[in-house]
Structures are given as structure tokens and as C-alpha cells.
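A.B. asks: please find the sequence and the predicted model below.
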Amino acid sequence: MRLSDAERQDALEALEEHVRTGRLDLDEFGSRSAKVSAARLASELEPLFTDLPSPRPSALLPLPPMPGVAQASAKNEDRPPSKWLTASAVPIAAAIAIAVFFFTRGTFLVFLLPLAVALIMSRRR
């Protein structure tokens with residue numbers, strides 16, 4: 001992933017903290033900070049921090065899982081087909097009613113089909 005200016009600045013601040021704590025001397029800081037400034041990708045920062053403990057730049061920290069994605073997949077795995085069919089019954093009935101209306105050039109009474117399905121499904125719950 002490409003680095004932003006803010007991520008480069010964060011990496012420089014992490015190196016400065018290591019200088020303050022005595023983990024890096026000024027020569028090594030100069031060398032590493034030049035490489036940080038020239039880095040385009042987050043993977044280019046990794047070798048500069050492998051031998052250093054925390055703090056690490058935010059670009060090298062693992063991304064937290066996206067809550068919406070994990071929950072959505074868990075919801076779909078737990079739903080049995082009968083629940084899916086129940087939730088989809090009215091839209092399916094509406095699509096069928098529209099198709100029947102156009103193909104048979106029928107009356108508008110065919111649009112009562114989705115209403116009937118909705119009533120039946122509401123009583124089943």
C-alpha cells in the first residue's frame with residue numbers, strides 16, 4: 001500500500017522516539033529517516049523497524065477487522081433458507097405479479113398477489 005505524507009511523518013516521529021530512548025544513535029537515525037522520507041510503500045518501512053520495539057508507525061500496524069463485513073457474513077451463514085425465503089416472498093410475488101400482468105395483458109387484480117403473500121407471511125411469524 002502506498003504511503004501518505006502523514007504516515008511518513010508518523011514513521012519519523014517513531015524513529016525520533018527511539019532516539020530519545022537511546023535505542024538509535026544520531027547516525028543511524030539520519031540513515032533511517034532518509035529511507036523513511038524516500039519510502040513510497042509501507043513494505044519499505046518494515047525493515048527499518050524490525051529490530052525496534054514499540055512505538056511503530058501506524059502504517060505497519062495490522063488493520064483492525066471491519067465490523068460490518070464480519071457481521072454481515074456471520075448473519076448470512078446463520079440464516080437458514082426458510083428465513084431467506086420468508087424475507088424474500090413479497091418481492092418475489094411482486095415480480096411475478098408484474099410479469100403476469102404484462103405477459104397476459106391482465107387486469108390490475110394481479111397486483112393483489114403481493115398483498116396476499118404479505119398477509120400470509122405476517123401471520124406465519
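C.D. replies: Okay, I see it. Residues are numbered from 1 along each chain as shown.
A.B. asks: looking at the closest residue to Leu113 other than its chain neighbours now. What's its pLDDT?
C.D. replies: Distances taken as Cβ to Cβ, 6 or more residues apart in numbering place Ala97 nearest to Leu113, at 4.4 Å, with adjacent residues excluded. From N, CA and C alone the C-beta is placed, and that goes for glycine too. Ala97 carries a pLDDT value of 76.
A.B. asks: burial measure for Ala97, as a count.
C.D. replies: When neighbours are counted by other Cβ atoms under 10 Å, Ala97 registers 21.
A.B. asks: what about it, which SS state?
C.D. replies: helix (DSSP: H, G, I helix; E, B strand; the rest coil).
A.B. asks: any idea how far it lies from Ala89?
C.D. replies: 12 Å (Cβ to Cβ, to the nearest Å).
A.B. asks: centre of the chain to stretch 51-61, how far?
C.D. replies: Distance, stretch centre to chain centre, for stretch 51-61: 23 Å (Cα atoms, centre = their mean, to the nearest Å).
A.B. asks: if we can go back for a sec, so the residue nearest to Leu113 touches Leu115, yeah?
C.D. replies: No - Ala97 lies out of contact with Leu115 (Cβ atoms under 8 Å); the separation is 9.3 Å.
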